[in-house]
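Undergrad: got a predicted model here, sequence first, then my questions.
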Amino acid sequence: MSEIHSGTLRARGIHAMDYDRSTITPGIVHLGIGAFHRAHMAAYVDSLLAKNPSWGIIGASLRRPDTRDALQPQDFLYTLAIRDASGTKPRIIGSILDVLDANTQRAQLIETMADPSIRIVSLTVTEKGYCHDPSTGELDEKHPDIVHDLAHPETPISAPGIIVAALERRRQRGLAPFTVMSCDNLPSNGKTAGRIVRRFAELGGAGTDLADYVQSVSFPSTMIDRIVPATTDADRSIVADITGFDDAWPIMTEPFTQWVIEDDFPAGRPPFESVGAELVEDVEPFELMKLRMLNGSHSTMAYLGYLSGYQYVNEAIADAGIAKLVHGLMTEEAMPTLPMARATLEAYRDQLLARFANPALKHRTWQIAMDGTQKLPQRLLGTIRDRLKAAQPFPRLALGVAAWMRYVTGIDEAGQPIEVKDPLAARLRQIADEAGRDPEKLANGLLAVTEVFGTDLPQVAVFRDTVTNHLKSLLENGAKEAVRRLG
């Protein structure tokens, strides 16, 4: 069986690029070239390159060279395998022209970003890649990476530091800035990215015109949506059987994809709308809908599902109790906080429930449960704050928070260890170990983590009591029974 390679695609009859890849030139640098980007933005760009060949992508891995090492031998081509109950449909993506490893090719990366042909720098670096305080959305000026980058601006390691270094080089050369487009699951992700990058420039550009230059940079917000499970060896075998290629890193995804973008690109942009993206003046209503309905439900399902013994999302939603809880969370608790038409929200809810049940998409509850301290503020706590302001109950949201608390103890209901992947995992485990199985001590200890809960929520008695009572039920009765008792 041969490796995937640009010269052998059409001979195999595989759906591939309808453009001459040798004519494609880069117009985008993408920081954080992970699975989601390759299933989402890279696929949109691939669809428009036939008529717009100057918008190829140069990817950059900021932490590990895994993606570069996997894709380089196959000309950075890869298979996007779209799966549902009817089967798996492969598509070869060619929009990524190169991938740079920021650890060993940092200077080349910054120089590439400073090239005038690059008009957009996009990001999927996850919440923690922004080096910010999730409870405030501000730059964490004491973050080790930020401290390093301010002291060593020529060799930055953080996304904000790399972006500012490239912008400074463009400023020095008299070039217009590129547009910075965040594609991460952050509330008002463009505004968040702009606030962080501008503050970094203020701190690092004292006595220069850098801060003023960065003020002119555009940071459009986006709402992105596509479920992308981690690729397994079994997935690689399936793709090889279908295509006849050994693809080192195929991407598995669902048929559904959504991209809403604020149309603010002074340096120019490709016609994203021609390939299905929605260009709008304000992305916030769409983003809030996704965060509170999809992401909030996903996190709640992940913790309750994992604790209930379900490895995959489709297994969790097949549980009648969890399905009822998720439907109620979206309908009764999240939807009333959203500024969109009821019919639009109901249609979106039903679409989500169908997507969750897709048996072909093996989306692991453990994968969704990762980095909970970064996710909870946006996915659950913002909705809870709005419910509190309206004096409305939030029992299902509170159960989701309590399930996270139970999960980060690191021990499942069978007494087996849970591999808790989180930036604060060690601290969370210490709190759990000190509290033992006392729900009040455990809740109080975790609620004191201000990076997650801020200083306001822990002072609200109804929030503290509701979460603590759910945590007690989870510890005493287990997740399935706690869900059943909620009704």
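TA: Great, that's in hand.

Undergrad: please make it C-alpha for all contacts and neighbour counts, starting now.
TA: Will do.

Undergrad: buried stuff in stretch 48-60?
TA: Across stretch 48-60, burial judged by 16 or more other CA atoms under 10 Å covers 48, 49, 50, 52, 53, 54, 55, 56, 57, 58, 59, 60.

Undergrad: residues contacting residue 305?
TA: Listed by CA atoms under 8 Å, 6 or more residues apart in numbering, the contact partners of residue 305 are 311, 312, 313, 316, 322, 365.

Undergrad: surely it forms part of a helix?
TA: Yes - under DSSP: H, G, I helix; E, B strand; the rest coil, residue 305 sits within a helix.

Undergrad: how many other residues sit next to residue 350?
TA: If you count neighbours by other CA atoms under 10 Å, residue 350 ends up with 12.

Undergrad: repeat that for residue 487.
TA: The number of residues near residue 487, taken as other CA under 10 Å, comes to 12.

Undergrad: now the stretch 51-200 of the chain, which segments are flagged as low pLDDT?
TA: For the stretch 51-200 of the chain, no stretch is flagged by pLDDT under 70.

Undergrad: all strands for it, in order.
TA: Assigned by DSSP state E, counting those that start in this stretch, the strands in the stretch 51-200 of the chain fall at 56-61, 78-84, 87-93, 96-101, 120-123, 132-133, 138-139, 179-182.

Undergrad: most neighbours out of the contacts of residue 305, which is it?
TA: Busiest of these [other CA under 10 Å] is residue 365, holding 27 neighbours.

Undergrad: quick one: contacts for that residue?
TA: Residue 365 sits in contact with 301, 302, 303, 305, 306, 310, 311, 312, 313, where contact means CA under 8 Å, 6+ apart.

Undergrad: repeat for residue 315
TA: residue 357.

Undergrad: check which element follows whichever strand or helix holds it along the chain.
TA: For residue 315, the host element (DSSP states H and E) is helix 313-317. Downstream of helix 313-317, the next assigned helix or strand under DSSP H and E is helix 320-328.

Undergrad: of all the contacts of residue 305, which comes closest to residue 260?
TA: Lowest distance from residue 260 to these (CA to CA) belongs to residue 313, with 24.9 Å.

Undergrad: just checking, the closest one touches residue 301?
TA: Yes - with contact defined as CA atoms under 8 Å, residue 313 reaches residue 301; the gap is 7.2 Å.

Undergrad: gap between the helix or strand residue 214 falls within and the chain center?
TA: Under the criterion of DSSP H and E, residue 214 resides in helix 210-215. Counting by CA atoms, centre = their mean, to the nearest Å, helix 210-215 is centred 28 Å from the centre of its parent chain.

Undergrad: any idea of the mean pLDDT for whatever helix or strand residue 348 lives in?
TA: Take DSSP H and E as the rule and residue 348 turns out to sit in helix 342-356. What helix 342-356 shows for mean pLDDT is 95.

Undergrad: partners of residue 280 in the sheet?
TA: Note on residue 280: beta-bridge partners by DSSP bridges are residue 262.

Undergrad: list of residues touching stretch 252-266?
TA: 39-40, 80-84, 179, 218-231, 235, 276-283, 286, 361.

Undergrad: which of those residues fall in strands?
TA: 80-84, 179, 222-225, 278-280 (DSSP state E).

Undergrad: just the buried ones from those residues, in PyMOL syntax?
TA: Per 16+ other CA under 10 Å, the buried members of the ones in strands among the contacts of stretch 252-266 correspond to this PyMOL selection:
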select buried, resi 80+81+82+83+84+179+222+223+224+225+278+279
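
Undergrad: need the max-distance pair from the ones in strands among the contacts of stretch 252-266.
TA: The largest separation in those, counting by CA to CA, is between 84 and 179 at 35.4 Å.

Undergrad: and for residue 288, the neighbour number?
TA: Based on other CA under 10 Å, the number of other residues close to residue 288 is 25.

Undergrad: pretty sure it sits against residue 187.
TA: Yes - the pair residue 288 / residue 187 is scored as a contact, 7.2 Å apart, by CA under 8 Å.

Undergrad: residue 409 contacts residue 428, doesn't it?
TA: Yes - Residue 409 lies in contact with residue 428 (CA under 8 Å); the separation is 7.2 Å.

Undergrad: now stretch 411-430: average pLDDT?
TA: For stretch 411-430, the mean pLDDT works out to 96.

Undergrad: what's next to it, contact-wise?
TA: With CA under 8 Å, 6+ apart, stretch 411-430 has contacts from 128, 307, 370, 371, 372, 373, 407, 408, 409, 410, 446, 478.

Undergrad: what subset of those is buried?
TA: 307, 370, 371, 372, 373, 407, 408, 409, 410, 446, 478.
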